[in-house]
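[1] Sequence first, then the predicted structure, then my questions.
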Amino acid sequence: MSAEERRESVIRAAMIEFARGGYRGTSTEAIARRVGVSQPYLFRLFPSKQAIFEAAADRCIEETWRVFDEASAGLTGEAAAEAMSGAYMGLVEDREQLMMQMQIYVSVFAAGMAGEDGIGQTARKRWEDLFDRVRIRLGGDVKDATQFFAYGMLTNTLVALGYPRDHRIWEGLGEHEGGE
């Protein structure tokens, strides 16, 4: 395996490990073990645990955009919103993808409280890029993008809490199910 292929394996493994344990609760040893490499080799690919987390967070957010982009290609406005919302429901059914998203938010807060803002700077930049891509796809209106993401965050909460799709709590989402 080339170094780039190993690097890709580390990012995929890190997404799983960080989704399950968060930034503080995940050891680089666990990531190395999942990939099948030594910790020293892991640190030849990435300079630090923070760099691994940032790569995993970047991949998670980029994967969200990939799903949105593919679902809404050639669409704008409400048609794009509906297509992205439907595709998002499929994405968050992957609990590790959803939990990685949730861990990004928690880890930014925890790192910030510890005086480490690098993770937050990186995550905020990537999330802002995602917001702007969605805003443009929806037609450019900030309010529409904000509403789309608000529904998406509610979706994250309901899925993370394990509410089945036929539970009454989903009824208020109506045709806007999904979002980010």
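    Okay, I see it.
[2] State the pLDDT value of L138.
    If you check L138, the pLDDT there is 97.
[3] Ok, the one 4 residues further on next?
    For V142, the pLDDT comes out at 97.
[4] residues near the residue lying closest to it once chain neighbours are set aside, how many?
    Leaving aside its sequence neighbours, V142 sits nearest to R135 (Cβ to Cβ, 6 or more residues apart in numbering; 6.2 Å). Every C-beta, even on glycine, is put in place using the N, C-alpha and C of the backbone. Residues near R135, counting by other Cβ atoms under 10 Å, number 18.
[5] residue contacts, R135?
    By Cβ atoms under 8 Å, 6 or more residues apart in numbering, the residues touching R135 are D141, V142, D144, A145.
[6] Identify, from those residues, the entry nearest to F46.
    Proximity to F46 was ranked across the contacts of R135 by Cβ to Cβ; first place goes to A145, at 32.4 Å.
[7] Name the residues of the helix or strand where that closest one lies that are buried.
    Per DSSP states H and E: A145 is located in helix 142-161. By neighbour count on 16 or more other Cβ atoms under 10 Å, the buried set for helix 142-161 is D144, A145, F148, F149, Y151, G152, L154, T155, N156, L158, V159.
[8] cool, and stretch 99-112?
    M99, M100, Q101, M102, Q103, I104, S107, V108, A110, A111.
[9] how much space is there between the last one and G21?
    From A111 over to G21 the distance is 15 Å, taken as Cβ to Cβ, to the nearest Å.
[10] Going along the chain, name the helices of this protein.
    Using DSSP state H, the helices of the chain run over 3-25, 28-35, 39-45, 49-72, 77-92, 95-113, 118-138, 142-161.
[11] Could you export the ones you listed as JSON lines, including distance to E171?
    Converted to JSON lines, the helices of the chain look like this (distance: least, Cβ to Cβ, whole Å):
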{"stretch": "helix 3-25", "distance to E171": "29"}
{"stretch": "helix 28-35", "distance to E171": "39"}
{"stretch": "helix 39-45", "distance to E171": "46"}
{"stretch": "helix 49-72", "distance to E171": "23"}
{"stretch": "helix 77-92", "distance to E171": "15"}
{"stretch": "helix 95-113", "distance to E171": "21"}
{"stretch": "helix 118-138", "distance to E171": "24"}
{"stretch": "helix 142-161", "distance to E171": "11"}
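[12] list the contacts for F46?
    R7, V10, I52, A55.
[13] Okay, now the unreliable bits of the chain?
    Counting by pLDDT under 70, the chain contains low-confidence ranges at 174-180.
[14] Who are the contact partners of the residue lying closest to V159 once chain neighbours are set aside?
    Nearest residue to V159, sequence neighbours excluded (Cβ to Cβ, 6+ apart): V92, at 4.9 Å. Going by Cβ under 8 Å, 6+ apart, V92 touches L98, Q101, T155, N156, V159.
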